[in-house]
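> How does the following fold in three dimensions:
(one chain, ligands or ions: 2)
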Amino acid sequence: MSIKYVATAKLPTPWGVFSMHGFEDTESGKEHVALTFGELQADEPMLGRIHSECLTGDALFSLRCDCGFQLQTAMQNIAAEGRGFILYLRQEGRGIGLLNKVRAYALQDKGANTVEANEQLGFPADMRKYDMIAPMLEKIGVHKVRLMTNNPRKVKAMQQVGVEVVERVPLQVGKNPYNENYLKTKSHELGHLIPDSYFEQHQD
Ligand SMILES: Nc1nc2c(ncn2[C@@H]2O[C@H](COP(=O)(O)OP(=O)(O)OP(=O)(O)O)[C@@H](O)[C@H]2O)c(=O)[nH]1
Ligand SMILES: [Zn+2]
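Residues are numbered from 1 along each chain as shown. Ligands and ions are numbered 1, 2, ... in the order given. Got it, this is the predicted structure:
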């Protein structure tokens, strides 16, 4: 893994002006970005999110998942706190890529759940890697993290690459009739920490 920092530019958003830092993985050619907001402190835990690319949810308003809602809420929370970061990692479809995710969605349209669909295509349920995180956080000056996620495996993966996660901040947003079964599968089969009571709550 070799991560090269490329450039930094402003990213104005509805919630405030973030800075966008571009990185290249020179081995895979993947292009990742880090967003930062406010003055980051290396010796204090920073509120942040490690977000895996989801073109359908993040950009195309898909209700099949919760990704877009989580991204928006994370950016709002960071702006409200006055500082924080997002690493936007280009590992679409839990690492299988966009077109394989479309294939997996086609299988889900026929009744498979999100794990079964990956397996029917010959992939593990989750192929993501997190070793680009440490050099990206080093560059933006983050050493301790309060991580917005429901995924305990993500917390463990971060610790394995040497990043200190001092707190997991739940990020339960975006439930709707199209993603309820998907969220239940994540909770029951992928270990996401989404309590059953969340599925009984009314969502605005
Ligand atoms: N293969 C596959 N990938 C999916 C599917 N739905 C969403 N994704 C991808 O899953 C990734 C998001 O992972 P999640 O497991 O939802 O969430 P997480 O990021 O691990 O955990 P949180 O931090 O709690 O959101 C993105 O890369 C999406 O493109 C699906 O049905 N099949
Ligand atoms: Zn998604």
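
> quick one: the strand or helix carrying Met136 near ligand 1?
Following DSSP states H and E, one finds Met136 within helix 133-140. No: Helix 133-140 stays clear of ligand 1 (CB under 6 Å from any ligand atom), getting no nearer than 12.7 Å. Yep, even glycine has a C-beta here, placed from its N, CA and C like the rest.

> where do the strands sit along this protein?
Using DSSP state E, the strands of the chain run over 3-13, 16-25, 31-37, 45-52, 84-89, 144-148, 164-169.

> now those as CSV including distance to Asn181 and mean pLDDT?
Shown next, in CSV, are these (distance: least, CB to CB, whole Å; pLDDT from 0 to 100):
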stretch, distance to Asn181, mean pLDDT
strand 3-13, 31, 98
strand 16-25, 33, 98
strand 31-37, 30, 98
strand 45-52, 20, 97
strand 84-89, 25, 98
strand 144-148, 23, 96
strand 164-169, 24, 94
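
> Which one, of these, ends up nearest to Ala59?
strand 84-89 (11.4 Å; CB to CB).

> tell me the phi and psi of the residue of the chain most remote from its centre?
Centroid-distance maximum for the chain: Lys110 at 26.6 Å, with CA atoms, centre = their mean. When read as degrees, to the nearest 10, the backbone of Lys110 gives phi -100, psi 0.
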